[in-house]
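Novice: Sequence first, then the predicted structure:
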Amino acid sequence: MSSPLLDVQNLRVSFPSPKGPVEVVKGISFTLGRERLGIVGESGSGKSMTGRSILKLIRSPGKVTADRMTFDGIDLLSQSEKQMRAIRGARISMVMQDPKFSLNPVMTVGEQIAEALVTHAKLPRREINDRVLSMLEAVRINDPARVAKLYPHEVSGGMGQRVMIAMMLIPEPDLLIADEPTSALDVSVQAQVLDIIDDLVVTKGMGLILISHDLNLVSHYCDRILVMNSGQVVEECIASELSQAKHPYTRGLLAAMPRIDETRDELPVLDRTAWAGT
Amino acid sequence: MANTRDWLLDDSPTSLLQANLGRSYRVTLALLRNPLAVVGAIIIFGLIIAAVFAPWIAPYSPIGQNLSQRLLPPSAEHWMGTDELGRDIYSRVIYGSQITLTIVLLVAVIAAPLGLMVGAISGYFGGWVDRVLMGVTDVFLSMPKLILALAFVAALGPGINNAIIAIAITTWPSYARIARAETMTIRNAEFISAVQLQGASPLRIILRHVLPLCTSSMIIRVTLDMAGIILTAAGLGFLGLGAQPPLPEWGAMISRGRSFILDQWWVATMPGFAIIIVSLGFCFLGDGLRDVLDPKQGEGK
Amino acid sequence: MSAISLSDLDISYGETQVTHGITLDVAEGESFALVGESGSGKSTVLRAIAGLAPDWTGKISVLGKARSHGVDRQVSRQCQMVFQDPYGSLHPRKTIDAILSEPLAIHGLGNRGPRVEAMLAAVGLDRRFRFRFPHQLSGGQRQRVAIARALMLEPKVMLLDEPTSALDVSVQAEILNLLKRLRREQGLTYLVVTHNLPVVAFLCDRLAVMRHGRVVEIASAEQLKTGKLVAPYSLELLAASGAQVVPT
């Protein structure tokens, strides 16, 4: 990890409000190599905004500033919207929460995956077709030729999310940002989808940013974890050492989760005043 | 002043009154930030002032004839000139605002609640109730408004009351359609299921839980429709089926001025301006209200 | 007397039959969970008991009395429901006060102001929330209001449809504690629908695992905690949530 794939220093995102600008991300810094980074936090912690600002997907009037935000030597802050379009998808991809809203309802699954590929590379039709099918196979869809001809409403939630992943990974990006990729799915399907992401990321040597509210899930699928609370990183740790987390917020979150072998009569509740201001 | 403002904008109101006033205040503030809505509101306010204080504002009687002063052009004495019977057009336009306001208000008072109830009942119950009510609605919707109004007035006889009834009959179906569509989306919401589970009767649910959510889109729609209502009323007046002479109804005034349009242009033009300005006022206000009240935009947060 | 008793319950939505021969008994004062994945029919069972899914055959009794198919004013005094989405279950244009007074008004109960204040206190909400609108509250606070509304008629049986799955972990803990405390204090019976097995372990005494509209296993919470479920599908579910437990 000589020069990092992604280097973010002092990232801030703010939105104007009648009472002056409100910062939702308050100066966070991190670097990412070809590894799996988890960002966890509760709603309103700024985790999704962090993911979106890397792709410059924050809509006006939101404002993104940073001391440095480079991706593979490219300064993302100075890229024009047109240059960003060339980077999005081709070099950095993003998987969103709900496949129902991210897939175009009037195009077949196969066409959409093909489109993701054609936008970034000119290839003969035959090869496109082959690559779409092999990509669908890679996301463990049993009958790719049949599924490619289906429309989004004809596939289940889990399969839809796998199609999204296929679409995002077919241009072979260097970095995948997955924002709550499985929160809309059933528990058993969740594991399947994450295993697929994990497998592809590891075999292709990509970087992964997994954004989630679920501490267990992130600790299971990532190498490193950033814990965010109200726009700031409160703790950074190695995933396997999450259970020894030091910060009271992280410890509070871990303790607040019921366990399958629960014996406590009452769950400890976060005292939100304890670290306000840190 | 500052105290009142703080009281209105308090995040933790201590009474229902304060909570409701606070919300209205927020809506008003949002409305005031929209310049076109302010222009619209001023025009409507002007219309109301003109109607209420007509006897004091108008310099002459609206029906007093003075044949020696026929068809005079606008001057310091007669700001908008006089018509073919020597009546002051400015005074007639001012008094005409009473008629226009009456028509608009009565139509709104008759058509909006009728449309709301029919639509809400139809949307809430669905099934055969919906099919019957919407069938009736569609019959009314399928006919052109003015023609339908004409038919009614022709049957009931010309006159301003019949014109109001005719216009109300032609406007409610579109309100029913909107209310039905809104009700159908609200009906399956969990907060409606929750009151159903509490044992509320369908009537109570419709009146107290469904209708309050339809009203804001209805207010917007009615305000935007006002322009159309004014034009239909003027159209009926123009055809001689609305207000009867010598009532100073704007449409009828245009109709009378038609014969002199080339030589004495002011006779038809002045009431025409009044119609256009008031219609525009309602449109601006309606647009502004839509931006502020549309529930899809999160109620002025 | 059992609080809820279902026998041979087949529920349909239009042409499709969602559940097949559901039979179970929830004892009075018990907390019982229905678990399963989406499409297993667990929420539909809850809606049928509440009266919101009237198209069923079989038998449903609440506190020993067979219930009719639609919503029933008598049942509404005994049995109330809390919905999953705290954003969709509160009327957006009504104050918290109006939302909580409504059930009292429907049943012609007086003394509304003090009752509302007492209930707000019982669910841990400050009285300054009383005249706020739902959009001025956070998700957890809204869910407290929804629980308060369900309790206004002092029911004995509460139907909870994924009461915490739309909430953050820390807020979930607060709501779970609240539900547990309320049940202890008021001797309530809970029927909880959830997909989250750790929540079952914390809140419930027994559970029924559902799949494709059928109950595949009824087990005690003890069996769940020690991993001694029997049906293969139950074990599959357990593995899927167990795989995410942090090794400590």
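Specialist: Thanks, I have it.

Novice: Enumerate every residue touching residue A:184.
Specialist: If a contact means CB atoms under 8 Å, 6 or more residues apart in numbering or on different chains, then residue A:184 has A:97-100, A:157, A:161 as its contacts. C-beta here means a position set from N, CA and C on the backbone, and glycine is covered the same way.

Novice: same thing but at 10 Å, please
Specialist: A:96-101, A:157-158, A:160-161, A:190, C:38 (CB atoms under 10 Å, 6 or more residues apart in numbering or on different chains).

Novice: quick check, residue A:56 in a helix?
Specialist: No. According to DSSP: H, G, I helix; E, B strand; the rest coil, the state of residue A:56 is coil, so it is not within a helix.

Novice: State the pLDDT value of the nearest residue to it once chain neighbours are set aside.
Specialist: Closest residue in space to residue A:56, ignoring its immediate chain neighbours: residue A:84 at 5.2 Å, by CB to CB, 6 or more residues apart in numbering or on different chains. Per-residue pLDDT puts residue A:84 at 88.

Novice: So residue A:84 sits against residue A:58, correct?
Specialist: No. With contact defined as CB atoms under 10 Å, residue A:84 does not count as touching residue A:58 (11.7 Å).

Novice: which of those two has more neighbours?
Specialist: residue A:58 (18 against 14; other CB atoms under 10 Å in any protein chain shown).

Novice: Distance of that one relative to chain B?
Specialist: 19 Å (CB to the nearest CB, to the nearest Å).

Novice: Okay, now the unreliable bits of the chain?
Specialist: In the absence of a named chain, chain A is used. By pLDDT under 70, the low-scoring segments of chain A are A:1-2, A:272-278.

Novice: that's the other chain; I wanted chain B
Specialist: Judged by pLDDT under 70, the stretches of chain B that qualify are B:1-2, B:294-301.

Novice: all helices in it, in order from the N-terminus.
Specialist: Secondary structure of chain B by DSSP state H: the helices cover B:2-9, B:16-32, B:35-52, B:54-57, B:89-125, B:127-141, B:145-156, B:160-187, B:190-197, B:202-204, B:211-238, B:250-257, B:266-293.

Novice: want to try JSON lines for those helices, with distance to chain C as columns?
Specialist: What follows is those, written out as JSON lines (distance: least, CB to the nearest CB, whole Å):
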{"stretch": "helix B:2-9", "distance to chain C": "12"}
{"stretch": "helix B:16-32", "distance to chain C": "4"}
{"stretch": "helix B:35-52", "distance to chain C": "21"}
{"stretch": "helix B:54-57", "distance to chain C": "38"}
{"stretch": "helix B:89-125", "distance to chain C": "13"}
{"stretch": "helix B:127-141", "distance to chain C": "13"}
{"stretch": "helix B:145-156", "distance to chain C": "32"}
{"stretch": "helix B:160-187", "distance to chain C": "10"}
{"stretch": "helix B:190-197", "distance to chain C": "4"}
{"stretch": "helix B:202-204", "distance to chain C": "7"}
{"stretch": "helix B:211-238", "distance to chain C": "5"}
{"stretch": "helix B:250-257", "distance to chain C": "38"}
{"stretch": "helix B:266-293", "distance to chain C": "11"}
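
Novice: So which of those helices is nearest chain A?
Specialist: Closest to chain A of the helices of chain B is helix B:16-32 (CB to the nearest CB; 9.7 Å).

Novice: tell me the mean pLDDT over the helix or strand encompassing residue C:24?
Specialist: Using DSSP states H and E, residue C:24 maps to strand C:22-27. Regarding strand C:22-27, the rounded mean pLDDT is 93.

Novice: Return the list of strands paired to that strand, each annotated with direction.
Specialist: Here strand C:22-27 is paired, per DSSP bridges, with strand C:2-13 (antiparallel).
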